[in-house]
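Novice: what follows is a predicted structure for the sequence shown.
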Amino acid sequence: MNRALAVGCGLVLVGLTACGKKPEAAPAPPLAVTVATVVQQDVSEMNTWVGLLDGYQNADIRAQISGYLLTQNYKEGSVVKKGDVLFTVDPRPFQAVLAQAQASYGQALAQAQLAQLTLDRQTQLFKTKVISQQQYDTSYQDTQAAIAGAAAVQASVQTAQINLNYCTITAPFEGIAGLAQTQIGDLVGPGGTASVLTQMSQVNPIKVNFSITEQEYLQASELLSRLQARTEDRDDGKLQLKLADGSIYPHLGRFDFVNRQVNTATGSIQITALFPNDENLLRPGLFARITAPVKELPGALVVPQAATVELQGNYGVCVVGPDNIARPTAVQLGPVQGQMQVVTGNLKAGDKVVVGGVEKVRPGMKLNPTPYQPPVPKTAPAASPTPKPSPAA
């Protein structure tokens, strides 16, 4: 009995002892993360300003002679070519003046020719001592006066012809002609309220004017000097335009020029850029946001923005070594390039940095890295067809 009890207690003690032991914990599997390669490339640091669009050329179309407006030969708001007729002024008064001037010129020319023939005869007579010196001098002066008179009348013919040509008002360049400021039958002329007939703007290319501060100008002066020295036929635009509706203009622009002086009232200086405008979408007077380079960073190191971690104002990335061990590395942030971030620090091109799951990584942790795939922009889902009602039972 006692022996059986002892055996039973022993079994219980063995059981209790076995239950009291903790099993050893299995090692945690490596943390699954996605990694991206540090890329080295030339980067332009960008900044954004508010700009105002303006025509590459703008002109007030005016009447240069006084007369009654006879026709309007263009459609308001349409594109016109250089030399296209915009308006005509009643030409009849100027045709009459031209005809009178031509008649006067014919008369003066005939008189000059007669005086020349007379001078030729007087010259022969003077050489043979038939006439005196005074008679010859008088004939010579009359001839010169007749020739000068004919030249003066010829100039009046040219003036009359120019005034007649001014009756046809043409486009000085290719562009968009605006609203007509006068009506058919109005008396127009070089002065007064009816002097401007319409306005034109060349919009391809189109200007974008924006102002930068003195500090921004001084920081970017070297870059601006290089851009201004480039030839106009280079197609290397880097400037981006964001329109008032939030859309991005599909064509990049290029730098044109820096204004000659700083505005002392505002402490800013005007910059002008040019954008192609083949579709005539952009018009003078539109406001837009222009993003332009202010500094070039050759050979900059670039990582996805999601790879950077901020802690109390300091930034870092997690580098994955060849042994797949996490190694935190402090970095300094540079400009943003889309979804990418320029960084500086103890990094080199080709290093692997954690992107997905970086918030779970701890120093020295074993990782299971896979390549990082940038997110694909979401597109609006296609509308599903409306279900047809089921036939009545």
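Specialist: Alright, I've got the coordinates.
Novice: so where's the stretch 151-300 of the chain shaky on pLDDT?
Specialist: Judged by pLDDT under 70, the stretch 151-300 of the chain has its weakly predicted residues at 192-194, 230-236.
Novice: mind redoing it with 80?
Specialist: 191-195, 226-237, 295 (pLDDT under 80).
Novice: quick one: the strands in it?
Specialist: Taking DSSP state E, counting those that start in this stretch as the test, the strands found in the stretch 151-300 of the chain are 168-170, 175-177, 187-188, 196-213, 240-243, 254-258, 268-275, 287-304.
Novice: of all those, which lies closest to residue 48?
Specialist: The closest of the strands of the stretch 151-300 of the chain to residue 48 is strand 287-304. By Cβ to Cβ, the value is 4.7 Å. Backbone N, C-alpha and C define where each C-beta goes, glycine included.
Novice: which one, of the strands of the stretch 151-300 of the chain, ends up nearest to residue 228?
Specialist: Comparing the strands of the stretch 151-300 of the chain under Cβ to Cβ, the one sitting nearest is strand 254-258, at 6.2 Å.
Novice: next, the buried residues of that closest one.
Specialist: Within strand 254-258, the residues scored as buried using 16 or more other Cβ atoms under 10 Å are 254, 255, 256, 258.
Novice: how far does that strand sit from the chain's center?
Specialist: In terms of Cα atoms, centre = their mean, to the nearest Å, the centre of strand 254-258 is found 9 Å from the chain centre.
Novice: that one: partners in the sheet, and parallel or antiparallel?
Specialist: The strands that strand 254-258 pairs with in its sheet are strand 268-275 (antiparallel) (by DSSP bridges).
Novice: tell me the angle the partner strand makes with strand 287-304.
Specialist: Strand 268-275 and strand 287-304 are oriented at 80 degrees to each other (axes from the mean of the first three to the mean of the last three Cα atoms, to 10 degrees).
Novice: list the contacts of residue 91.
Specialist: Shown in contact with residue 91 (Cβ atoms under 8 Å, 6 or more residues apart in numbering): 67, 70, 164, 167, 168.
Novice: next: residue 156.
Specialist: Applying Cβ under 8 Å, 6+ apart, we find residue 156 in contact with 101, 104, 105.
Novice: look up how far residue 156 lies from the second one.
Specialist: In this case it means residue 104. 7 Å (Cβ to Cβ, to the nearest Å).
Novice: just the contacts of residue 91: which are in helices?
Specialist: Judged by DSSP state H, the subset of the contacts of residue 91 located in helices is residue 164.
Novice: could I get the contacts of residue 91 as CSV with neighbour count and distance to residue 292?
Specialist: Shown next, in CSV, are those (neighbours: other Cβ atoms under 10 Å; distance: Cβ to Cβ, whole Å):
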residue, neighbour count, distance to residue 292
67, 20, 48
70, 16, 48
164, 19, 50
167, 20, 47
168, 15, 43
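Novice: which among the contacts of residue 91 gets closest to residue 355?
Specialist: residue 168 (68.4 Å).
Novice: hmm, that closest one is touching residue 88, no?
Specialist: Yes. Residue 168 lies in contact with residue 88 (Cβ atoms under 8 Å); the separation is 5.5 Å.
Novice: any buried residues in stretch 348-364, and which?
Specialist: Buried residues in stretch 348-364, counted by 16+ other Cβ under 10 Å: 351, 352, 353, 354, 355, 356, 357, 358, 361.
Novice: could I get the contacting residues of the first one?
Specialist: With contact set as Cβ under 8 Å, 6+ apart, residue 351 has these partners: 37, 38, 319.
Novice: nearest residue to residue 87 in space, please, no chain neighbours.
Specialist: residue 169 (4.3 Å; Cβ to Cβ, 6 or more residues apart in numbering).
Novice: count of neighbours near that neighbour?
Specialist: A count of nearby residues for residue 169, using other Cβ atoms under 10 Å, gives 24.
Novice: over to residue 202?
Specialist: 20.
Novice: show me what it is bridged to.
Specialist: residue 57.
Novice: same check, this time on residue 289
Specialist: residue 50, residue 242.
Novice: surely it and residue 239 touch.
Specialist: No. The criterion here is Cβ under 8 Å, and residue 289 misses it with residue 239 at 11.0 Å.
Novice: show me what contacts residue 305?
Specialist: Counting by Cβ under 8 Å, 6+ apart, residue 305 makes contact with 336, 339, 340, 341.
Novice: and if you look at residue 368?
Specialist: Counted by Cβ under 8 Å, 6+ apart, residue 368 has contacts 29, 30, 31, 32, 33, 324.
Novice: those, buried ones only, as a ChimeraX selection?
Specialist: If you want just the buried ones from those in ChimeraX, going by 16+ other Cβ under 10 Å, the selection is:
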select :31,33,324
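Novice: just send the contacts of residue 368 back as TSV, with secondary structure and distance to residue 96 too.
Specialist: Formatted as TSV, the contacts of residue 368 follow (DSSP: H, G, I helix; E, B strand; the rest coil; distance: Cβ to Cβ, whole Å):
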residue	secondary structure	distance to residue 96
29	coil	104
30	coil	101
31	strand	98
32	strand	95
33	strand	92
324	coil	98
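Novice: from the centroid of this structure, which residue is nearest?
Specialist: residue 275 (2.8 Å; Cα atoms, centre = their mean).
Novice: distance of that residue from residue 244?
Specialist: 15 Å.
Novice: kindly report the same for residue 196.
Specialist: 28 Å.
Novice: with neighbour numbers in mind, choose between the two.
Specialist: Taking neighbours as other Cβ under 10 Å, residue 196 and residue 244 compare with residue 196 leading, 15 against 9.
Novice: number of nearby residues for the closest residue to that one other than its chain neighbours?
Specialist: Leaving aside its sequence neighbours, residue 196 sits nearest to residue 60 (Cβ to Cβ, 6+ apart; 4.9 Å). A count of nearby residues for residue 60, using other Cβ under 10 Å, gives 11.
Novice: what helix or strand is residue 60 on?
Specialist: Using DSSP states H and E, residue 60 sits within strand 39-62.
Novice: so that strand versus strand 287-304, what angle?
Specialist: Orientation of strand 39-62 against strand 287-304 (the same axes, to 10 degrees) gives an angle of 170 degrees.
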